[in-house]
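K.L.:
kindly generate the corresponding structure for this input.
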Amino acid sequence: MLRIAVQAKGRLFEETMALLEESDIKLSTTKRTLLVQSSNFPIEVLFLRDDDIPQTVATGVADLGIVGENEFMEKEEDAEIVKRLGFSKCRLSLAMPKDIEYPGLSWFEGKKIATSYPVILRNFLKKNSVNAEIHVITGSVEVSPGIGLADAIFDIVSSGSTLVSNRLKEVEVVMKSEALLIGNKNMSEEKKEVLEELLFRMNAVKTAEDKKYVLMNAPKDKLEEIIAVLPGMKSPTVMPLAQEGWCSVHTVLDEKRFWEIIGKLKGLGAEGILVLPIEKMIV
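P.N.:
The predicted structure follows:
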């Protein structure tokens, strides 16, 4: 039985549970308990505070954990990154009062910086030879300059709206963060086999993200040109139609370039374009 530690609440919890659900791992969510076992996969989920997850995995209390990269780097626990999951993205940045001109990192020399991430900040300041006072605070770090508790802050930034509302501006991005799947370094071979199956399922879900399955009717005399504009995973599937001179083309498109490519296909005579969502993709 593989044990995975996940955040007990918040955005990371919601996105983690969605990933497990899409990987067809069934968990009872009607009653919140500390430990929940899957009914169809050899895995159990341990719900914890996010800052407890790295140590829990490093010490072997849990075999795996899904945690923000910021917390993993801050705790410096002896666990390994198994997979980058690509969600819950944010950044850790230095911010200062917006009315003060920022000349560069030298501005922080001798200043007091409030943060909940002293380890990451200390390493960054040392690397850049900046001598500043670090004031460790939990809770609303962004209010510190406004009440005179600090000159600047070092905190998580997502949209930046919290900084704006507190009359702060982001001046240095120290690191970018996303959700990580971390693992204990001493897992048994049996548990590693379960992990491989879990990764196979997760990869199938992640590969399908932002992809669309596209079917279209295409004139045969334009087929080569149509295929040339399709950036599919491999050669598209082409099947003849009952109507003379036409064929059906099936392919997978990335949503980021979807409308650009569809426009080109229509210009080349493609008709009856059908777009379907992809739930999972095995490559």
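
K.L.:
alpha carbons only for contacts and neighbour counts from here, please
P.N.:
Will do.

K.L.:
residue 189: neighbouring residues, count only.
P.N.:
Number of residues near residue 189 (other CA atoms under 10 Å) recorded here: 9.

K.L.:
sorry, wrong one. I was asking about residue 147.
P.N.:
Residue 147 has 9 nearby residues by other CA under 10 Å.

K.L.:
how close does it sit to residue 97?
P.N.:
Applying CA to CA, to the nearest Å, the value for residue 147 to residue 97 is 12 Å.

K.L.:
repeat that for residue 228.
P.N.:
To residue 97, residue 228 is 52 Å away according to CA to CA.

K.L.:
which of the two has more neighbours?
P.N.:
Applying other CA under 10 Å to residue 228 and residue 97 shows that residue 97 carries more neighbours, namely 20 against 10.

K.L.:
right, and that one touches residue 150 too?
P.N.:
No: if you go by CA atoms under 8 Å, residue 97 and residue 150 don't touch, sitting 10.5 Å apart.

K.L.:
keeping just the C-alphas, turn stretch 190-200 into CSV.
P.N.:
This file holds the C-alpha atoms of stretch 190-200, laid out as CSV (Å, rounded to 0.1, in the frame of the first residue of the first chain):
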residue,chain,number,x,y,z
GLU,A,190,6.9,-3.3,-4.3
LYS,A,191,5.9,0.3,-3.6
LYS,A,192,8.0,1.4,-6.6
GLU,A,193,5.9,-0.8,-8.8
VAL,A,194,2.7,0.9,-7.5
LEU,A,195,4.4,4.3,-8.1
GLU,A,196,5.1,3.3,-11.7
GLU,A,197,1.4,2.6,-12.3
LEU,A,198,0.4,5.8,-10.6
LEU,A,199,2.9,7.8,-12.8
PHE,A,200,1.5,6.0,-15.9
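
K.L.:
got the buried residues for that stretch?
P.N.:
191, 194, 195, 198, 199 (16 or more other CA atoms under 10 Å).

K.L.:
identify the farthest-apart pair in those.
P.N.:
Distance extremes for the buried residues of stretch 190-200: the farthest pair is 191 and 199 at 12.3 Å, using CA to CA.

K.L.:
okay, helices next: where are they in the stretch 101-250 of the chain?
P.N.:
118-127, 161-165, 189-208, 223-228 (DSSP state H, counting those that start in this stretch).

K.L.:
now the first one: buried residues?
P.N.:
Looking back up the chat, that one is helix 118-127. For helix 118-127, by 16+ other CA under 10 Å, it's 118, 120, 121, 122, 125.

K.L.:
quick one: contacts for the first one?
P.N.:
By that I understand residue 118. Applying CA atoms under 8 Å, 6 or more residues apart in numbering, we find residue 118 in contact with 74, 134, 135, 136.

K.L.:
apply 10 Å and report the result again.
P.N.:
74, 124, 134, 135, 136, 137, 154, 155 (CA atoms under 10 Å, 6 or more residues apart in numbering).

K.L.:
so among those residues, which ones count as buried?
P.N.:
74, 134, 135, 154, 155.

K.L.:
so which of those residues sit within strands?
P.N.:
Mapping the buried ones among the contacts of residue 118 onto strands (DSSP state E) picks out 134, 135, 154, 155.

K.L.:
excluding its backbone neighbours, what's nearest the first one?
P.N.:
If the residues on either side of it in the chain are set aside, residue 134 comes closest to residue 113, at 5.0 Å by CA to CA, 6 or more residues apart in numbering.

K.L.:
same question for the third one.
P.N.:
Spatial nearest neighbour of residue 154, chain neighbours left out: residue 94 (4.4 Å); criterion: CA to CA, 6+ apart.

K.L.:
now what about stretch 255-275, what contacts it?
P.N.:
Under CA under 10 Å, 6+ apart, the answer for stretch 255-275 is 209-223, 225-227, 229-231, 246-254.

K.L.:
where do the strands sit along the stretch 151-283 of the chain?
P.N.:
Using DSSP state E, counting those that start in this stretch, the strands of the stretch 151-283 of the chain run over 152-157, 168-177, 179-183, 211-219, 237-240, 246-254, 271-277.
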